[in-house]
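Asks: sequence and computational prediction follow.
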Number of protein chains: 2
Amino acid sequence: MTKPNSPIGVFDSGVGGLTVLKQLIRFLPNENFIYLGDTARVPYGNKSPETIKRYSREATHFLLEKNVKMIVIACNTVSSLAIDEVRKVAGIIDVVGMIDFSAVAAYRSSRNKKIGIIGTRATINSKGYEQQLKFIAQNSPLEIKSASCPLFVPLVEELQIDTEATKLIAYEYLEQFKDFGADTLILGCTHYPALKKVINELLPDVDLIDTGEQSAIQVLRILAEKQILNNSQIDFSTTPRIEFYLTDFSYSFTQLAELLLGFPIQNPKLIEFSS
Amino acid sequence: MTKPNSPIGVFDSGVGGLTVLKQLIRFLPNENFIYLGDTARVPYGNKSPETIKRYSREATHFLLEKNVKMIVIACNTVSSLAIDEVRKVAGIIDVVGMIDFSAVAAYRSSRNKKIGIIGTRATINSKGYEQQLKFIAQNSPLEIKSASCPLFVPLVEELQIDTEATKLIAYEYLEQFKDFGADTLILGCTHYPALKKVINELLPDVDLIDTGEQSAIQVLRILAEKQILNNSQIDFSTTPRIEFYLTDFSYSFTQLAELLLGFPIQNPKLIEFSS
């Protein structure tokens, strides 16, 4: 039974989804959240679509057992490859992914209709954003440039946020968007908002689309329309109510989580999937 | 009669409210908007509360005649001094101001509960944000530092966005917040988001609260809960549907409006209030 005070389930293959959770908390400060990070099997990006679908089904079942009122797929790879699978398992529970609304936001934000997309190799190869943008544009003018930035995730996970090395690598990845003339860039990976400052410095006149932010706006809209926003009294003095479930405690997890989420994670619980 | 496709009315004493409109468009891309800028009588900040209330009543009547489904007071001075007056005239039409939700967002965003507020002299003197923050905190620890930044509005209006002079003046205004140890700063004037970059450079570790963004979230929430979001088909290829009404065409208006809004204003109409 879906109730206003039921939690929102947020699912990622690892910790990147914490940047999405951060945006969700910003827009929905009085909701309860359950965050599931499949840290034992991360990264999904280099696994087969069948395996990714199976993992996503498991995660969906886990969240449904927690009586979530909505599922947010805080992962671009799962959003590209397994959102239909998650929806099938979720039934009447709404599922929000990373791609559709961010593509709309990018298209609307762009004035010259030259849009850049960056992401992991898996996301860029899936062409999820590209297809969605072309669908939106129909026959109107639109130019797209995509680039995978494979070192960005490991750099973030090693907490190299604005080191000289990160700046050099970012320059290597991003200079092409200047030449291309993009006025809008989709950060098509949940780790990338951690690098906003460096990306902004290199592309100061480009609007950065934070897919977590766009999804959070959509979650707010859906819950409000369905009248299942949590309207119980907010206690402003408490920290957000989030339960964290992880399949592994990785090295440097605590520090990384705080960087991505903006505050320390309390009492994460270790769980195990059968496979 | 309030209908989903009725416009949202946005009212400001001048052009600063365009940064609020920008946020509204971002969160509500398929709404119709009416923007009223009382550019002939700007600035309100140095006028008496009685005069500000009278001007606000006139603006409210104008918007109600346009059959708006909601009124956004995109002005901190009016929000501090005349929101009750606007509500009285607006009747059953919801009125969203700048202060309440931004105070909540700032309080929640702050981890050390040391919050800074900047605004015009009128806004800072009205203590609107300060009172709201204290009301939220109740007896929990909270330290507030407020500062008026009287040159920020004229600098923005002269398009001095990131000049050396603006940086020097910003340093003079903002250095005290570093010493104070604020981790969150409320941009309590609708012009200030135009200076985000400079402010960010001076206070890189401080969260900036954009009052337009917070109000836009609230507008989305209210319209969705009341089931009066505009759900007509979005045509992605068109620019947002906004009617602009101004009481004066000021010098450099076009350029300034584009800076604050992010795109050029189409066909503003000149109107006149009786007084």
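Replies: Cool, the structure landed. Residues are numbered from 1 along each chain as shown, chains lettered A, B, ... in the order given.

Asks: got a list of what residue A:17 touches?
Replies: Contact partners of residue A:17, counting by C-beta atoms under 8 Å, 6 or more residues apart in numbering or on different chains, are A:10, A:11, A:35, A:37, A:74, A:75, A:190. (C-beta placed from N, C-alpha, C; glycine too.)

Asks: let me see the mean pLDDT of the host helix or strand of the second one.
Replies: Residue A:11 is part of strand A:8-12 when elements are defined by DSSP states H and E. Over the span of strand A:8-12, the pLDDT mean works out to 97.

Asks: hang on, the earlier thing: out of the contacts of residue A:17, who's nearest residue A:222?
Replies: Closest approach between the contacts of residue A:17 and residue A:222, by C-beta to C-beta: residue A:10, at 14.4 Å.

Asks: pretty sure the closest one contacts residue A:36?
Replies: Yes. Counting by C-beta atoms under 8 Å, residue A:10 touches residue A:36, with 7.0 Å between them.

Asks: tell me which element whatever residue of chain A ends up closest to chain B is part of?
Replies: Residue nearest to chain B within chain A (C-beta to the nearest C-beta): residue A:224, separated by 3.0 Å. Taking DSSP H and E as the criterion, the element that holds residue A:224 is helix A:211-225.

Asks: list the contacts of that helix.
Replies: Contacting residues not belonging to helix A:211-225 are listed as A:8, A:19-24, A:26-28, A:31, A:69-70, A:72, A:74, A:76, A:94, A:96-99, A:101-102, A:104-105, A:186-188, A:190, A:193, A:229, B:27, B:217, B:220-221, B:223-225, B:227, B:229 [C-beta under 8 Å, 6+ apart].

Asks: buried residues in that helix?
Replies: For helix A:211-225, the neighbour count (16 or more other C-beta atoms under 10 Å in any protein chain shown) marks A:211-224 as buried.

Asks: contacts only, for residue A:68.
Replies: Neighbouring residues of residue A:68 by C-beta under 8 Å, 6+ apart: A:6, A:7, A:8, A:9, A:34, A:93.

Asks: would TSV of those residues with neighbour count be doable?
Replies: Below are these laid out as TSV (neighbours: other C-beta atoms under 10 Å in any protein chain shown):
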residue	neighbour count
A:6	19
A:7	20
A:8	24
A:9	28
A:34	21
A:93	19
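
Asks: quick check: the two most widely separated of these?
Replies: Spatial extent of the contacts of residue A:68 (C-beta to C-beta) is set by the pair A:34 and A:93 at 12.7 Å.

Asks: how's chain A carved up into domains?
Replies: Domain ranges of chain A: A:8-97+A:213-270, A:100-211, per automatic domain parsing.

Asks: before we move on, back to that, neighbour count: residue A:10 and residue A:36, which is higher?
Replies: Per other C-beta atoms under 10 Å in any protein chain shown, whichever of residue A:10 and residue A:36 has more neighbours is residue A:10, with 29 against 26.

Asks: name the residues of chain A found near chain B, please.
Replies: Counting by C-beta under 8 Å from any C-beta of the partner chain, chain A comes close to chain B at A:26-27, A:29, A:104-105, A:107-109, A:111, A:136-138, A:140, A:217, A:220-221, A:224-225, A:227, A:229, A:234, A:236-237, A:263.

Asks: among those residues, name the buried ones.
Replies: Among the residues of chain A next to chain B, those classed as buried by 16+ other C-beta under 10 Å are A:26-27, A:29, A:104-105, A:107-109, A:136-137, A:217, A:220-221, A:224, A:229, A:236.

Asks: from these, which is closest to residue B:161?
Replies: residue A:109 (19.5 Å).

Asks: the closest one contacts residue A:209, correct?
Replies: Yes. Contact criterion C-beta under 8 Å: residue A:109 and residue A:209 qualify, at 6.7 Å.

Asks: what's the overlap in contacts for those two?
Replies: With C-beta under 8 Å, 6+ apart, residue A:109 and residue A:209 have common neighbours residue A:184.

Asks: now, which of the contacts of helix A:211-225 lie within strands?
Replies: A:8, A:70, A:72, A:94, A:96, A:186, A:187 (DSSP state E).

Asks: mind listing what the last one touches?
Replies: Meaning residue A:187. Residue A:187 touches A:118, A:193, A:196, A:199, A:208, A:209, A:210, A:211, counting by C-beta under 8 Å, 6+ apart.

Asks: give me the beta-bridge partners of it?
Replies: Bridge pairing for residue A:187 (DSSP bridges) gives the partners residue A:118, residue A:210.

Asks: got it, and the first one?
Replies: Counting by DSSP bridges, residue A:8 is bridged to residue A:33, residue A:70.
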